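Asks: Build me a structure from this.
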Amino acid sequence: MFRCKRLGVVSLSVFALCLIVSAGLVTAQEASSSSGKQSANARRDDINYDVQLYLLAASNEQSERGGAGVVPQSLEGVVRQLRTTLPFTNYRLVTTFLNRVRDTGTVELKGVASSLMPSQIGPSSPIFYDFNLVQVKMDLDSVGQPLIRIHRFRFGLRMPIITGTTRVEGSDVGSPVIQYEPVGVNTELSLRDGMPTVVGTMTTSRPGESLILLLSVKTNQAR
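Replies: Sure thing, here's the model as predicted:
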């Protein structure tokens, strides 16, 4: 820290000059600090993440091709670990959702899932999905290692369920009463850069079947 001492009346001009220099140094330090913060913010703005959400179906049924289900090679290690906890005989990839988001950004995705997992009620009652990632952010863990924090993760399905039947007066033909019920996973989590991580599981309307959500977030910094 630059300090000035007032030595006497004769030294007033020197003291005034000293104050000017000192003020200049403080201003320069503040400008340097502000510039550093802006540079750090700019670097964060350059960070993007490639988001891959894998939806797996696990069951004890054989696949339509007569063998075990097929999963990407990048997920084989995760599936081997899943078999020790969820001992299903068949794991298959239903679909993969691909998105990109900026650091501290948000992803929102909605669509119709009927082509991915047809409703047992029929095509007239489709299944809807929505997928949200809120505030995806690079951070450090307790030992200083980088990780990616997600303030909120949500994957939801709206499933049609038959709750009863109605009959038209004067007819013996009944029509089903269909009600949509929301199911899904809502959580906060942290994960390693580029490492597929199990987020949660959900049961389906099919006996002995579960859906498994795997999430991978990989840093992709603009050059």
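Asks: what ranges do the strands span in this structure?
Replies: 47-59, 90-102, 105-112, 128-140, 146-167, 174-191, 197-203, 209-221 (DSSP state E).
Asks: buried residues in stretch 154-167?
Replies: For stretch 154-167, a neighbour-count test (16 or more other CB atoms under 10 Å) marks 155-157, 159-160 as buried. Glycine gets a C-beta too; all of them are placed from N, C-alpha and C.
Asks: actually stretch 166-175, not the one I typed
Replies: Within stretch 166-175, judged by 16+ other CB under 10 Å, no residue is buried.
Asks: same check, this time on stretch 146-154
Replies: 148-150, 153.
Asks: per-domain residue ranges of the chain.
Replies: Domain assignment for the chain by automatic domain parsing gives 11-43, 48-221.
Asks: Roughly how far does the residue positioned nearest the centre of the chain sit from Ile47?
Replies: By CA atoms, centre = their mean, the chain has its centre lying nearest to Leu133, at 4.2 Å. In this view, Leu133 and Ile47 are 15 Å apart by CB to CB, to the nearest Å.
Asks: ditto for Pro126
Replies: Pro126 is 37 Å from Ile47, by CB to CB.
Asks: want to throw the buried residues of stretch 146-154 into JSON lines with pLDDT?
Replies: Output for those, formatted as JSON lines (pLDDT from 0 to 100):
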{"residue": "Ile148", "pLDDT": "96"}
{"residue": "Arg149", "pLDDT": "96"}
{"residue": "Ile150", "pLDDT": "97"}
{"residue": "Phe153", "pLDDT": "97"}
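Asks: In the sheet, which residues pair with Asn132? Tell me.
Replies: Per DSSP bridges, the residues bridged to Asn132 are Glu108, Arg154.
Asks: How many neighbouring residues does it have?
Replies: The tally of other residues near Asn132 (other CB atoms under 10 Å) stands at 16.
Asks: if I look at the residue nearest to Met202 when sequence neighbours are not counted, how far off is Val217?
Replies: Once flanking residues are discounted, Met202 sits nearest to Leu211: 4.6 Å by CB to CB, 6 or more residues apart in numbering. According to CB to CB, Leu211 and Val217 sit 20 Å apart.
Asks: Could you do Arg100 as well?
Replies: Taken as CB to CB, the span from Arg100 to Val217 is 10 Å.
Asks: overlap in contacts of these two?
Replies: 49-51 (CB atoms under 8 Å, 6 or more residues apart in numbering).
Asks: quick revisit: closest one to Pro196 out of the buried residues of stretch 154-167, please.
Replies: Phe155 (14.9 Å; CB to CB).
Asks: List the contacts of the closest one.
Replies: 53, 129-132, 184-185, 199-200, 213 are the contacts of Phe155 under CB under 8 Å, 6+ apart.
Asks: Of these, grab the buried ones for ChimeraX.
Replies: A single ChimeraX command selects the buried members of these (16+ other CB under 10 Å):
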select :53,129,130,131,132,184,199,200,213
